[in-house]
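Peer 1: Give me a model of this one.
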Amino acid sequence: MNRSNPRRAAADILTDWATSTRKVDEIRDRYLNRGEWEKRDRSLLTELVYGVVRNQTTLDTELAELVKPPLNKLKPGLLQILEVALYQLRHLDRVPDHAVVNEAVEHARFIAGNNGGGLVNAVLRSALRKPPAERPVDAFYAPGSPLHRWTNYWQQKWGEEKADTLIQFYKSIPPIGLRRNLLATKSDDKWHEILREEGVEFEVLPDWPGYVYARDVNPAELPSFQSGITTVQDLAPSLAIRALDPQPGERILDLCCAPGGKTALIWEMMGGKGELLALDKNMKRNHLTRETLERMGHTSVEVITEDLLTFESQPFDRVLLDVPCSGTGVAHRRADLLVRRSPLQVDQIAKIQRQLLVKASGMVKVGGVLVYSTCSLESSENEKRVQIFDKRAGEEMKRDQLPDSIPDILRKEVGMAATWPPRDRVDGAFIARWKRTK
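Peer 2: Predicted coordinates for the structure are as follows:
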């Protein structure tokens with residue numbers, strides 16, 4: 001375990017990722033949560049991991065030309081050392097080339113002896129001799145790259161200019177969203193004072209009260225996080241809760257709730273009064289939901305592990321359905337999402353969303369509200385899904401006007417709103433709101 005050295009840690013993380021089905025961000029967070037990291041090193045580690053994952057196809061294509069044995073025959077860990085080093089040589093300029101090579105060689109010797117060090121040294125020095133014109137382009141624009149599939153998909157949907165705007169936004173490392181516990185602090189100003197005392201440098205976005213963006217911080221180390229005053233959540237998910245507009249004393253159902261960030265905010269907007277039931281079929285993720293709620297002091301929320309499609313209950317005043325989706329609105333936060341997921345899967349996921357939406361609508365009492373939300377940018381999961389449901393629901397469910405708390409710039413057709421990450425500087429999110437009339 002190389003916790004203090006971001007280059008070595010990046011290679012170790014990528015080795016773990018290559019031999020598992022876990023998300024690379026989860027593996028990275030496990031490393032970052034062990035020991036202390038300088039802010040600069042935390043940032044570099046994330047940049048190296050994200051950069052290699054997203055450009056892996058082009059990096060490995062070049063390495064295959066430079067390494068004599070096939071890449072899959074290399075000793076575990078050597079390929080990842082080469083990927084991290086080559087990414088630095090091709091895409092970063094803050095570290096001198098000779099330092100990148102020396103660091104990689106020392107790491108290779110540590111895991112594979114002198115032979116491993118000699119191989120890495122020879123490969124990287126050969127890479128340095130290549131003319132700049134032969135060096136790979138960004139993976140979003142490199143034919144054959146998993147990311148290039150998404151570039152083509154988005155360009156066909158939106159045109160080159162809009163697609164390229166999103167791609168450029170997604171190539172940067174996003175800040176961390178922090179939210180205050182509305183039941184634990186009296187105001188944003190008081191919360192900001194607490195964060196400053198903890199040494200957190202943050203940015204406030206005017207249209208998103210209760211939130212800040214921060215960089216180079218480990219939230220788990222903050223006393224305010226440990227005590228439940230602060231939690232981690234991007235600004236965009238609050239769009240769904242604003243649309244739901246929960247009120248004290250109501251009976252509310254939060255579906256597909258894990259890992260509990262939205263659940264906590266619903267309870268806080270209820271003033272901690274009423275009945276909130278949070279449901280998810282994933283037991284492991286529901287464990288995270290319970291941990292989040294307990295840390296924030298929201299112990300009165302009932303968390304149930306059950307499949308929505310088989311769940312039965314009396315109807316609720318308000319229901320939030322945050323469906324499983326392609327996640328393209330948060331692809332900048334999950335480095336391997338677009339690598340491991342194909343555009344062809346979007347329509348497959350949309351079919352599941354249809355079933356869940358129909359079931360959720362039956363959980364709403366007459367006069368009650370249903371909110372559907374995704375973290376997707378794809379119309380087949382958003383607007384088209386709403387239009388199809390409208391036809392099925394007929395006169396029983398009618399799209400409802402959104403609360404005034406939702407900014408005009410986010411509003412679309414009646415009852416619908418969405419963020420656009422490059423414009424709004426937040427994650428991608430979509431919501432639709434209905435009221436049951438019969």
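Peer 1: Mind jotting down where the strands sit in the stretch 301-438 of the chain?
Peer 2: For the stretch 301-438 of the chain, the strands defined by DSSP state E, counting those that start in this stretch cover 302-305, 316-322, 364-374, 397-399, 416-418, 430-436.
Peer 1: Need these in CSV (columns: mean pLDDT).
Peer 2: Listed next are the strands of the stretch 301-438 of the chain as CSV, based on pLDDT from 0 to 100:
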stretch, mean pLDDT
strand 302-305, 96
strand 316-322, 98
strand 364-374, 98
strand 397-399, 97
strand 416-418, 98
strand 430-436, 98
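Peer 1: closest one to residue 51 among these?
Peer 2: strand 364-374 (27.4 Å; CB to CB). Bear in mind the C-beta positions are built from the backbone N, C-alpha and C, glycine included.
Peer 1: top helix in this structure by residue count?
Peer 2: In terms of residue count, the longest helix belonging to the chain (DSSP state H) is helix 97-128.
Peer 1: Quick one: list the elements packing against that helix.
Peer 2: helix 6-18, helix 56-66, helix 78-91 (3 or more CB pairs under 8 Å, 6 or more residues apart in numbering; DSSP states H and E).
Peer 1: coming back round to it: would you tell me which of the strands of the stretch 301-438 of the chain gets closest to residue 334?
Peer 2: strand 364-374 (14.7 Å).
Peer 1: Run a quick neighbour tally on the nearest residue to residue 357 once chain neighbours are set aside.
Peer 2: Leaving aside its sequence neighbours, residue 357 sits nearest to residue 389 (CB to CB, 6 or more residues apart in numbering; 5.4 Å). Neighbourhood size, residue 389 [other CB atoms under 10 Å]: 20.
Peer 1: for residue 259, same thing?
Peer 2: Look at residue 259: counted by other CB under 10 Å, it has 20 neighbours.
Peer 1: Any figure for the gap between it and residue 93?
Peer 2: 37 Å (CB to CB, to the nearest Å).
Peer 1: Check the helices and strands packed on helix 97-128 for me: which has the lowest mean pLDDT.
Peer 2: Across those, helix 56-66 has the smallest mean pLDDT, namely a mean of 91.
Peer 1: the inter-axis angle of that one versus helix 78-91?
Peer 2: 100 degrees (axes from the mean of the first three to the mean of the last three CA atoms, to 10 degrees).
Peer 1: So which other helices or strands are in contact with helix 56-66?
Peer 2: helix 78-91, helix 97-128.
Peer 1: okay, these, which one's buried deepest?
Peer 2: Of those, the one with the most neighbours on average (mean count of other CB atoms under 10 Å) is helix 78-91, at a mean of 25.
Peer 1: Between helix 6-18 and that one, find me the angle.
Peer 2: Calculated by the same axes, to 10 degrees, helix 78-91 forms an angle of 120 degrees with helix 6-18.
Peer 1: Show me the contact partners of helix 78-91.
Peer 2: Contacts of helix 78-91 with the rest of the structure, by CB atoms under 8 Å, 6 or more residues apart in numbering, involve 7, 10-12, 14-15, 18, 48, 51-52, 55-56, 59-60, 62-63, 67, 71, 95, 97, 100-101, 103-104, 107-108, 111-112, 116, 119-120, 123-124, 127-128, 135-136.
Peer 1: Could you count how many residues lie near residue 171?
Peer 2: Neighbours of residue 171 under the rule other CB under 10 Å: 15.
Peer 1: and residue 49, which of the three is it?
Peer 2: Judged by DSSP: H, G, I helix; E, B strand; the rest coil, the three-state class of residue 49 is helix.
Peer 1: for it, what are its contacts?
Peer 2: Each residue near residue 49 by CB under 8 Å, 6+ apart is listed here: 10, 13-14, 24, 28, 335.
Peer 1: which of those residues are buried?
Peer 2: 10, 13-14, 24, 28, 335 (16 or more other CB atoms under 10 Å).
Peer 1: returning to that earlier point: gap between the residue nearest to residue 357 and residue 383?
Peer 2: Taking CB to CB, one finds residue 389 at 11 Å from residue 383.
Peer 1: circling back: may I see the helices and strands packed on helix 56-66 organised as CSV, with distance to residue 178 added?
Peer 2: Listed next are these as CSV, based on distance: least, CB to CB, whole Å:
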stretch, distance to residue 178
helix 78-91, 29
helix 97-128, 33
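Peer 1: closest to residue 237 out of those helices?
Peer 2: helix 78-91 (30.9 Å).
Peer 1: now the closest one and helix 97-128, what's the angle there?
Peer 2: Using the same axes, to 10 degrees: helix 78-91 against helix 97-128 is 100 degrees.
Peer 1: Can you show me the CA trace of helix 78-91 as PDB?
Peer 2: Presented in PDB, the C-alpha positions along helix 78-91 are these (Å, rounded to 0.1, in the frame of the first residue of the first chain):
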ATOM      1  CA  LEU A  78       3.600  -3.500 -14.300                       C
ATOM      2  CA  LEU A  79       1.100  -2.500 -16.900                       C
ATOM      3  CA  GLN A  80      -0.600  -0.100 -14.500                       C
ATOM      4  CA  ILE A  81       2.800   1.500 -13.700                       C
ATOM      5  CA  LEU A  82       3.400   2.000 -17.400                       C
ATOM      6  CA  GLU A  83      -0.100   3.500 -17.900                       C
ATOM      7  CA  VAL A  84       0.300   6.000 -15.100                       C
ATOM      8  CA  ALA A  85       3.700   7.000 -16.300                       C
ATOM      9  CA  LEU A  86       2.700   7.300 -20.000                       C
ATOM     10  CA  TYR A  87      -0.400   9.300 -19.100                       C
ATOM     11  CA  GLN A  88       1.900  11.800 -17.300                       C
ATOM     12  CA  LEU A  89       4.200  12.000 -20.200                       C
ATOM     13  CA  ARG A  90       1.500  12.500 -22.800                       C
ATOM     14  CA  HIS A  91      -1.100  14.600 -20.900                       C
END
